[in-house]
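> Provided below for reference: sequence and predicted model.
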Amino acid sequence: IHFANPNDIHDYLIKIDQFLFGTQPSVWAEKFIHPVATDVFTFFYVLFFLWAPLLALLLYLKGDRIKFRYTMVGVILAFYIGYFGYVLFPAAPPYLVLAHAFTKTLQGSPLVDVLRNSVTVLPSSTRDVFPSLHTGATLVALFFAWKYLRWYFWLILPFTIGLILSTIYLRQHYVIDLIAGWGLAHLAVWLGPKAENFWTKNQLKYVHIKASQQPVG
């Protein structure tokens with residue numbers, strides 16, 4: 001990311017959170033640190049990869065191909081817009097930038113600690129906080145679940161809430177990242193079906209044109 005844009009903005013994100021809350025939420029959350037809480041929030045955090053693909057799979061198995069494609073296009077757009085955001089707005093997470101402010105170490109059970117540490121890749125060059133894709137992609141799944149598979153919405157709602165809280169507790173995000181992720185989710189849910197309909201319409205038009213060009217007889 002720094003190859004494309006070396007201008008970090010995490011100092012601005014810190015100032016925004018300070019303005020909104022009068023403190024840094026990830027530092028404030030230290031009062032709740034406990035090995036059990038660390039394990040639970042790590043569990044919520046790593047399950048981020050499950051909810052959107054599982055919703056898409058359930059819709060596909062039900063035979064709801066249009067809803068399946070709307071969901072998948074929405075999720076994919078959320079990821080690509082989010083990655084573009086990382087390049088436009090490079091920012092390191094609180095566990096790096098605010099390391100001097102933390103007085104407690106996040107520590108749970110040994111196995112869960114290994115799992116949590118495994119998702120931290122190249123921490124010295126991490127620039128993947130704004131917007132929060134953990135928030136954005138999971139909310140896309142939640143919004144589409146509300147529209148298409150209501151029981152699944154109620155199933156993943158507590159996991160979604162836990163995941164969002166975990167990003168602060170585990171020092172992965174600033175609150176402004178979560179707000180940006182919320183906005184990203186709304187954009188992807190609105191844009192996904194429109195992009196899919198546009199693609200399908202032009203694909204059918206192309207097929208009709210190619211068919212009309214075929215020689216008769």
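The structure has been received and is ready for your questions.

> From what I see, G82 and L184 are in contact.
Yes. G82 lies in contact with L184 (C-beta atoms under 8 Å); the separation is 6.1 Å. Placement of C-beta: from N, CA and C, glycine included.

> Find residues that contact each of the two.
P131, L133, G136 (C-beta atoms under 8 Å, 6 or more residues apart in numbering).

> Which positions within the lengthiest helix in the chain qualify as buried?
Ranked by residue count and defined by DSSP state H, the top helix of the chain is helix 175-212. If you call a residue buried by 16 or more other C-beta atoms under 10 Å, then helix 175-212 has these buried ones: 175-182, 184-185, 187-189, 192-193, 195-196.

> now V87: how far from S109?
36 Å (C-beta to C-beta, to the nearest Å).

> Now tell me which helix or strand of this structure has the poorest mean pLDDT.
helix 110-118 (a mean of 65; mean pLDDT, DSSP states H and E).

> what's the angle from the next helix or strand after that helix to helix 175-212?
Next helix or strand after helix 110-118 toward the C-terminus (DSSP states H and E): helix 133-148. Put simply, helix 133-148 runs at 60 degrees to helix 175-212, going by axes from the mean of the first three to the mean of the last three C-alpha atoms, to 10 degrees.

> What are the contacting residues of the helix or strand just after helix 133-148?
Counting by DSSP H and E, the next helix or strand C-terminal to helix 133-148 is helix 150-169. Here helix 150-169 makes contact (C-beta under 8 Å, 6+ apart) with 25-26, 29, 32-33, 37-38, 40-42, 44-45, 47-48, 51, 55, 58, 132, 134-135, 138-139, 141-142, 145-146, 172-173, 175, 177-178.

> buried residues in helix 150-169?
152-153, 156, 159-160, 162-169.
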